[in-house]
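J.: A structural model of the following input is requested.
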Amino acid sequence: MLVLKKLSWRSGFLAKRRRVSTLCAELLRRDDYIDVSNIRTPCLFSAPCTYGGKAPFPPNTKGFFYFYHSPYPQDPGELRFRLTPSPNPASFFAGTDLLRPEGFPWCIKLPSIAGQPTYAKLRDFLLADGIVSHETMKRSAAIGIVRRGPFQLYTLSQPLFVDMFVDRTISVISGTTKQSVRFPRLFVDQRLTGDSGKERLPYEGTSPYFVYTIIHRRRRGAGSAMVRLELGRRYASATPDVHVRVLKLMSPVKCLIPGYDGYLHPPQPGELLQKGLAHRVRAIKVGPRTYSQPWLDLIRQAQEDPQEIGLDMNHI
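T.: All right, here's what the predicted structure looks like:
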């Protein structure tokens, strides 16, 4: 059951009830087609599905709620919304996933669904429909609530959303163990210092979306990218190098320093981050002294099974 709530000038909150028959993409019906345009809090099986904060869903948000199965075996999946050109279920595969302003798909992660009482009916539906197994639901509940979006690593090579100019916290997950790890800024040139003695950023990201924080006003998603972590050539060592490959720039990047010598190379889609005139590949040092056991588990897994999964950049 889907309850849509929309503010009306005359009647206050107007509720419309629609029954959703399935969240399986292959079994969708025409009646499962939903219009949540400009609606703040549609409820799917009594569970609130907000777009983000108090913001309503964007105009022309018409399509199907569905459950997305990740190609990465340890990732339990997530609820998404597929925008389609028509109510015909056959149009599902010609559509695209609804995106957040930052550029990644809107979603509600299964660990969050499994770990919160408000999603009880949605959990029951996913289990009864056979979309999620009892074992996967139990493991997801043990992981607990996680952030919406690609901020979790279940496999080292899994696409990850990072802000190249601001520290971000990601979740590294091995089995049911979740560890919060600070992902460092990738473009701090330690050779440069400003008037205050602080390190300077040679590049800056641009974005049309602003977000206000207690400290300052900054652009949401500015200088962000989808990246993938890869083991370096010395991957058999006790403390292997981990390289960062840029998969997709979510917003343009510009140089801030006139005449900058390019010691830190600007990020380029498809390339590893590099530095210096010799185009040396930059590395994140990973080892027992600096990273947690989940990190080391993912490193070991990548060493034992280095195969890569093909990426669909439209739906990561």
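
J.: C-alpha from now on. contacts and neighbour counts both.
T.: OK.

J.: Can you tell me the element Leu298 falls in?
T.: helix 293-304 (DSSP states H and E).

J.: Please tell me how far the spatially closest residue to Tyr154 that is not a sequence neighbour sits from Leu98.
T.: Nearest non-adjacent residue to Tyr154, counting by C-alpha to C-alpha, 6 or more residues apart in numbering: Ile173, 5.2 Å away. Distance, Ile173 to Leu98, by C-alpha to C-alpha, to the nearest Å: 26 Å.

J.: one step back: how far off centre is the helix holding Leu298?
T.: Offset of helix 293-304 from its chain centre (C-alpha atoms, centre = their mean, to the nearest Å): 21 Å.

J.: Just the buried positions in it, please.
T.: Gln293, Pro294, Trp295, Leu296, Asp297, Leu298, Ile299, Arg300, Ala302 (16 or more other C-alpha atoms under 10 Å).

J.: isn't there a helix covering Pro111?
T.: Yes - judged by DSSP: H, G, I helix; E, B strand; the rest coil, Pro111 forms part of a helix.

J.: Quick check, it in contact with Arg148.
T.: No - Pro111 is beyond contact range of Arg148, at 10.3 Å (criterion: C-alpha atoms under 8 Å).

J.: So for these two, which sits in the more crowded spot?
T.: Pro111 (24 against 17; other C-alpha atoms under 10 Å).

J.: measure the more buried one to Leu156 for me?
T.: 19 Å.

J.: Thr41 now?
T.: 34 Å.

J.: To what extent is Phe187 buried, counted in neighbours?
T.: 20.

J.: before we move on, what about the one 5 residues further on?
T.: By other C-alpha under 10 Å, 12 other residues sit near Leu192.

J.: ok, back up a step: farthest pair within the buried residues of helix 293-304?
T.: Gln293 and Ala302 (14.2 Å; C-alpha to C-alpha).

J.: Am I right that Ala120 is in a helix?
T.: Yes - assessed with three-state DSSP, Ala120 lies in a helix.

J.: Show the backbone phi and psi for the residue lying closest to Lys275 once chain neighbours are set aside.
T.: Spatial nearest neighbour of Lys275, excluding adjacent residues (C-alpha to C-alpha, 6+ apart): Leu264 at 4.5 Å. Leu264 adopts backbone torsions of phi -90, psi 110, taken as degrees, to the nearest 10.

J.: Next: Ala141.
T.: Dihedral angles for Ala141 - degrees, to the nearest 10 - are phi -60, psi -40.

J.: how about stretch 263-276: buried residues?
T.: Leu264, His265, Pro267, Leu272, Leu273, Gln274, Lys275.

J.: Out of those residues, which two are the most distant from each other?
T.: Going by C-alpha to C-alpha, the pair spanning the buried residues of stretch 263-276 furthest: Leu264 and Leu272, at 11.8 Å.

J.: and Arg139, what does it touch?
T.: Each residue near Arg139 by C-alpha atoms under 8 Å, 6 or more residues apart in numbering is listed here: Gly175, Thr176.

J.: my read is it is in a helix, agree?
T.: Yes - checked against three-state DSSP, Arg139 lies within a helix.
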